[in-house]
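Visitor: When you get a sec, could you give me coordinates for this:
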Amino acid sequence: MTAVAFIVFSAAAAACTSVPAASSKETGDMDILNNTMQYIRQHHADAAPFIAGNIAFTQTAASDKRKIGYNSVEYSGGGWMVTVGHAATAVIVEEISASYNNGKIVWTGRSQDGVISEDSYNYTQ
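Guide: Predicted structure coming up:
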């Protein structure tokens, strides 16, 4: 049986700053998805129109290519595909990859203690 999680990004949440991630994995991923969409929207005006309104994310897959000590989960919604992964270490740093419309927008970054940081961003018109 496959578990399905529905996670919603609210445009109203975009007005606040980052929120520390919760302890449960599902709630933690919801916070990471919301904070990531908020970050992209605030820092990349060209991507903002693709994040308007609410995005209902659905968990689409857990990684088939599991590495020892590393876990990742894939979510999709509103044309976005977001992967959240982390290594089993004392300090949890979530690695995030978000793409829109099959690579029209590709963003990579990290979340640590609820704070989002960007590694790269590419927008192809």
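Visitor: Backbone torsions only: list them for the residue nearest to the spatial centre of the chain.
Guide: Residue closest to the mean C-alpha point of the chain, counted by Cα atoms, centre = their mean, is residue 33 at 3.5 Å. Backbone torsions of residue 33, given as degrees, to the nearest 10, read phi -60, psi -50.
Visitor: Relative to residue 69, how far out is it?
Guide: Separation of residue 33 from residue 69 (Cβ to Cβ, to the nearest Å): 23 Å. (C-beta placed from N, C-alpha, C; glycine too.)
Visitor: do the same with residue 51
Guide: Taking Cβ to Cβ, one finds residue 51 at 32 Å from residue 69.
Visitor: returning to that earlier point: I'd guessed the residue nearest to the centre of the chain sits against residue 81; true?
Guide: No. Counting by Cβ atoms under 8 Å, residue 33 does not reach residue 81; the two are 11.5 Å apart.
Visitor: hey, what's in contact with both of the two?
Guide: residue 75 (Cβ atoms under 8 Å, 6 or more residues apart in numbering).
Visitor: the strands in this structure, which residues?
Guide: Counting by DSSP state E, the chain has strands at residues 6-9, 55-62, 70-77, 80-87, 94-100, 105-112, 115-123.
Visitor: which regions of this structure lie under the pLDDT threshold?
Guide: 1-27, 63-67 (pLDDT under 70).
Visitor: quick one: contacts for residue 36?
Guide: 82, 96, 98, 107, 109, 111, 116.
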